[in-house]
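> need a 3D model of the sequence below.
(5 chains, ligands or ions: 5)
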Amino acid sequence: MTGSQQTAQRRSWLDTAALVALVGSLGMAFLTPAEATQGNVARLFYIHVPSILVAYLCFTVTLVGGVAYLVTKRRGWDHLALASAEVGVVFTGLTIAIGMIWAKPTWGVYWTWSARLTLTAVLFFTYLGYLALRRAIEDPGARAQRAAVFGILSIALIPIVHFSVLWWRDVHQPPTLLRPDEMQMDTPLLLAFYAGMIAYALVAAALIRRRYRLADLEHRVEVATRTGSGVIAGDAVAAPTLEGR
Amino acid sequence: MAGLSAGRLLSTRTLCSVAPASQIVELRDVAIRIGATPVLRDLDLTIGPGEVVGLFGGNGAGKTTLLRLLATQLRPTSGSATVLGSDLAGEGRLDVRSRIGFIGHTPALYPELTLRENLAFAAAVTGHSGGEVDAALATVGLAAAADRPVNACSYGMQRRTEFARELMLEPELILLDEPHSALDVAASDLVSHLTDDVVARGGAALLVSHDRERVEKLVGRSLDLRGGTLA
Amino acid sequence: MAGLSAGRLLSTRTLCSVAPASQIVELRDVAIRIGATPVLRDLDLTIGPGEVVGLFGGNGAGKTTLLRLLATQLRPTSGSATVLGSDLAGEGRLDVRSRIGFIGHTPALYPELTLRENLAFAAAVTGHSGGEVDAALATVGLAAAADRPVNACSYGMQRRTEFARELMLEPELILLDEPHSALDVAASDLVSHLTDDVVARGGAALLVSHDRERVEKLVGRSLDLRGGTLA
Amino acid sequence: MSTQVALWPQIRAVAGRDLLRERRRGEVTWVTLPFGAIALLLIPLAIGIDAPTLRNIGPGLYWIVVLLFGVLVTVRRTGAASDADSALSARLGIDPGAAFIGKSLANLGLLLAFQIVVGAVAVVLYDIPLDRWPWLFVIIPAAGVGLALLGTLAGSIAAGSGGSNLVPFLVAPLAIPLLLGATQALDADLSDGNGILAWVLLMLFVDLVLAVVGVLTARPLQETQ
Amino acid sequence: MSTQVALWPQIRAVAGRDLLRERRRGEVTWVTLPFGAIALLLIPLAIGIDAPTLRNIGPGLYWIVVLLFGVLVTVRRTGAASDADSALSARLGIDPGAAFIGKSLANLGLLLAFQIVVGAVAVVLYDIPLDRWPWLFVIIPAAGVGLALLGTLAGSIAAGSGGSNLVPFLVAPLAIPLLLGATQALDADLSDGNGILAWVLLMLFVDLVLAVVGVLTARPLQETQ
Ligand code: HEM
Ligand SMILES: Nc1ncnc2c1ncn2[C@@H]1O[C@H](COP(=O)(O)OP(=O)(O)OP(=O)(O)O)[C@@H](O)[C@H]1O
Ligand SMILES: Nc1ncnc2c1ncn2[C@@H]1O[C@H](COP(=O)(O)OP(=O)(O)OP(=O)(O)O)[C@@H](O)[C@H]1O
Ligand SMILES: [Mg+2]
Ligand SMILES: [Mg+2]
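Ligands and ions are numbered 1, 2, ... in the order given. Okay, here's the model as predicted:
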């Protein structure tokens, strides 16, 4: 399959599934009963939480892609790491945006000092840094290796964000879902939540797939232009022009 | 990937794990870009054991860039490049580093350390003894200045120290960038002394210079770098 | 102490306030110690207008140290030293700095700035125009490379840029430390071009080299530095 | 052959050079500034305090970060005198006073950028109330000027032989009045503008002293390098 | 002509070189260390708090200073790779893993000295109670090891092309668990040794991860320089 055929390709089954799941999960979010104290605004939960969990997943894929690249040196792993990091950044941004919208009615401000909020922002900027690093390095091999190291190290933030509510006094909700001991949610709410998880995971997978293809094309363009000729650096140096020689 | 096995840390290391190469340098269709700038292109070069080769060319022609490629400081952008049997594009190039000597435009010495400390460090990481350090310093005529810090030494003394380092480390390929500059009349024989030494061990030498007359006496073959490639 | 009057800040400044000196360099019984180490002693040296002098000596003899003294980078430990009529021990030496040219072992250029930016800075602080910058770069054959950062230029290109700077600044005394090193065949005439230029304006030049044959063609008088003093 | 060079072009050239070098290297933009912002973030995590307290001590933390990292801005690598650097200054014979002022101006530009960006981070992170914000237009530049002058002075002292060891001891005592002025001027306990004014005047006085001392000592300091 | 070089001599040589260079330059001893102590002194001045509060947040402030200045210790000029420096490492072909460990050991030595001296200053200045002092013999080295490894790692990432700009982004996330472990382990609210132990174990875990990641990535990082 040639590159132009790939880009012109129609929506795949994955794209379709992602779209259907997304619509379905939004529908379920609105069908669940309103929350007792917060009312309708609490429905933001079904976007806020699944999207951050999917972002965690994306960053984990970036880690895996990085390690796999270092071991195998196969270009594809690097493309995967890049694609999933970009998608993860988007989902982290979504979580923060929804969180801020949610914060205004519940806490009265868009943002406040809180370990979780702060650290989520750090997570966001760290992976923006990951993407910036990739732009800064010209040599594809060096870029992939350094990015892999960065991707491995940055994963440390995820447990920190997750446990931050326990480690520091915090206005933010303590864990209700991912608690080892017991679940604290009613079944319909839980179903809507799982639907959201599946939907966002599918959306992420679809986006990653497209970005992966794009990275592959970019790489081919890079290789193709690399062998093209240009003005050789040394030709800029001429013999001195000394009058009266 | 040898580097990923932590077990290596506990074992000893074989620097010369590759089979003895038939050629010391083998470049085929090599191109180098730095950033977006093409510096070298269409390079083909073979240097066999026992050869001493001169490399000439105008300012900015790419002589230092070629030496840095062979010294594993740069990677080829395209083409196939092998030095001492190790591919310069791959990770293996890290393992031949200690077998490639290089004296460049700027002395590669720690300015705060004395001449002896500098050589002692080089000796320690490559498995040479302290006695060899003193011997090498004496050879280049710096025995009495051995305890001076590098930043209190003249430029010529610093370059002599680099010659001492290369004499001590006994590389199989020696790369010299304008070796005669900064050496005084008495010391200028260090260049041929060093290349003879390397060649006698079956190695090879590549000398960059602008002083064609002087260097052509030392080399068996001359190359000209022009328009980014070997003419 | 002119510098202590803040009023100077508001006025303009006369760089050449001293009377034209009869001699360009006058050293009498000068000694230099760096820290506790004596480097030069009993130095007597007079260089008059129009003279081109060669300075020879072994590695570590003190040639660079002598040039740095004359370039006002070091102060004499004892003795009387005058350059362009200004006492090198006193504060007045700061005011003759812009009239003394110096090209040393290491290029004195800002690595992040382009060749043109480097020269433009030198031009701006000494009252030269942008046109002169371009002319000087063209003279040394670097017009096409003017917008390359120094750290993306070869060593020879950097040295040529320093020659361009000195051609532009038109010093009355030019000090050259191994000027031929790193210049390619086409550029090696820059040395005599620069010294001729300075001498034609009634200035003087001092050339340090290890290549006696080549430099003795350019100079009117040769000096040997041995045992810390001029033989 | 006498060349007349006015001082103002020299000042402008020196400031321009420093800013250009920083733009190429991005040391302040990409290392010092992010580190400053991260420091603001880590401090509350380390001392584990709640939002109201943080709002209270927030301005103090901000000024501490500005002071400590501000010194880093002014002694950054591109500003520091390397060997080639000082050889070049010696070659060009720039007027020491003009060099001092030019470097200080460049430092001031970088410091103001640092203060503003890190200040915005502090306001967002710590939720600092900005009731008396018009005063900031005086206080931030006054602190910036003081730190810039102080940093340049420290740099030229450090450039001399053996001097670098003494920079911390020199900077700290001179920084204290600036820090005090800046924090007190924004202290919530002051109810009237007069209280602020007194502190602002203290800062301006320190600025003036530093400027005068800097220009007057530029020549002797340069000479002993 | 095969040369067998064990890794331990290389590690020792690298650590020795770094410490010797630092001894000659005195950058940590004469600049970073005094600045750290001065920072401790300035912080209470800036945030204007009273003695009891200070005693409470003192340990946190101490750790913040150790973290921020500790990073400076590890990226100091003598440790940073200059051009000549990296040319020399390339020439000698030091094993990347051995170089990583050697540099980390040197950094650790300097950091421990820094922690102890600045710690003494903090105890005196802030009147910090040392009820659980035996724990310090674990916590200080654990934090030192972590910071030393982190700094070395940051340094080798910065040495590559375009990498230096990102060091802050990398150091922060990894520093947080260290900082957290160190501050929480000494938190006055913990009444039993178990609470401390959990935090100490967290720190040791981070140390271990950093050491493993550092050694394993040393080769790829070196390779792309
Ligand atoms: C302003 C920005 C906000 C940010 C950056 C943010 C960030 C996060 C993050 C990162 C998580 C996932 C933590 C994990 O389990 O690892 C999370 C979970 C959650 N957030 Fe937010 N949040 C914000 C605002 C809010 C608001 C205003 C509310 C509701 C009052 C809220 C309620 C929740 C809930 C209920 C969870 C699930 C907790 C769990 O079961 O673990 N968040 N938030
Ligand atoms: N900072 C210093 N401390 C102690 N000794 C020094 C210092 N700087 C230079 N020297 C000594 O002074 C002597 C003269 O050095 P200089 O650089 O002038 O030599 P040179 O004649 O230029 O030699 P070369 O031909 O190698 O360039 C040397 O022996 C050197 O060791
Ligand atoms: N980082 C870089 N970015 C862009 N161009 C570069 C870079 N480094 C080197 N070059 C260019 O590559 C060319 C070759 O440089 P090189 O140093 O190899 O020249 P050289 O032949 O050694 O010259 P010289 O005789 O002056 O030492 C030069 O034109 C230089 O401008
Ligand atoms: Mg070269
Ligand atoms: Mg010399």
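
> and stretch B:198-214, average pLDDT?
Here stretch B:198-214 scores 95 as its mean pLDDT.

> any residue of that stretch touching ligand 4?
No. Stretch B:198-214 stays clear of ligand 4 (Cβ under 5 Å from the ion), getting no nearer than 6.6 Å. In short, each C-beta sits where N, CA and C put it, glycine included.

> tell me the buried residues in that stretch?
B:198-199, B:203-211 (16 or more other Cβ atoms under 10 Å in any protein chain shown).

> where are the low-confidence patches of the chain?
Just so you know, I chose chain A. Low-confidence segments of chain A, defined by pLDDT under 70: A:1-11, A:33-38, A:169-170, A:175-186, A:226-229, A:244-245.

> switch to chain D, that's the one I care about
D:1-5, D:77-82, D:160-168, D:186-194, D:224-225.

> what parts of it come near chain A?
Contact residues, chain D versus chain A (Cβ under 8 Å from any Cβ of the partner chain): D:38, D:41, D:44-45, D:48, D:50-51, D:54, D:124-127.

> so what's the residue count around A:Leu14?
Burial of A:Leu14 is recorded as 16 neighbouring residues (other Cβ atoms under 10 Å in any protein chain shown).

> and the residue of chain B closest to chain D?
Using Cβ to the nearest Cβ, B:Asn151 is the residue of chain B that sits closest to chain D, at 8.6 Å.

> for the residue nearest to that residue when sequence neighbours are not counted, grab phi and psi.
Distance criterion Cβ to Cβ, 6 or more residues apart in numbering or on different chains; nearest residue to B:Asn151, sequence neighbours excluded, is B:Pro111 at 4.1 Å. As for B:Pro111, its main-chain torsions (degrees, to the nearest 10) stand at phi -70, psi -30.

> ok, now B:Thr37?
phi -90, psi 120.

> same question for B:Gly48.
The phi/psi pair for B:Gly48 (degrees, to the nearest 10) is phi -100, psi 170.

> can you check the one 5 residues further on too?
The phi and psi values for B:Val53, taken as degrees, to the nearest 10, are phi -120, psi 140.

> ok, now which ones touch A:Lys73?
Listed by Cβ atoms under 8 Å, 6 or more residues apart in numbering or on different chains, the contact set of A:Lys73 is empty.

> from ligand 2, how far off is it?
46 Å (Cβ to the nearest ligand atom, to the nearest Å).

> secondary structure element holding the residue of chain D found nearest ligand 5?
For chain D, the nearest residue to ligand 5 under the criterion Cβ to the ion is D:Ala87, separated by 13.2 Å. Applying DSSP states H and E as the criterion places D:Ala87 in helix D:83-92.

> other SSEs contacting that helix?
strand C:100-103, helix C:115-126 (3 or more Cβ pairs under 8 Å, 6 or more residues apart in numbering or on different chains; DSSP states H and E).

> direction included, what does the shortest one pair against?
According to DSSP bridges, strand C:100-103 forms sheet pairs with strand C:173-177 (parallel).

> now the strand it pairs with and helix D:83-92, what's the angle there?
Per axes from the mean of the first three to the mean of the last three Cα atoms, to 10 degrees, the angle that strand C:173-177 makes with helix D:83-92 is 160 degrees.

> tell me the mean pLDDT over strand C:173-177?
pLDDT averaged over strand C:173-177 gives 97.

> neighbouring contacts of that strand?
Here strand C:173-177 makes contact (Cβ under 8 Å, 6+ apart) with C:24-25, C:47, C:63-64, C:67, C:70-71, C:83-84, C:99-105, C:166, C:191, C:194-195, C:198, C:203-208.

> may I see the buried residues of stretch A:103-118?
Applying 16+ other Cβ under 10 Å to stretch A:103-118 flags A:103, A:111-118 as buried.

> including secondary structure, could those go into a markdown table?
Below are the buried residues of stretch A:103-118 laid out as a markdown table (DSSP: H, G, I helix; E, B strand; the rest coil):
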| residue | secondary structure |
| --- | --- |
| A:Ala103 | helix |
| A:Trp111 | coil |
| A:Thr112 | coil |
| A:Trp113 | coil |
| A:Ser114 | coil |
| A:Ala115 | helix |
| A:Arg116 | helix |
| A:Leu117 | helix |
| A:Thr118 | helix |
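
> need the max-distance pair from those residues.
Spatial extent of the buried residues of stretch A:103-118 (Cβ to Cβ) is set by the pair A:Ala103 and A:Ala115 at 14.8 Å.
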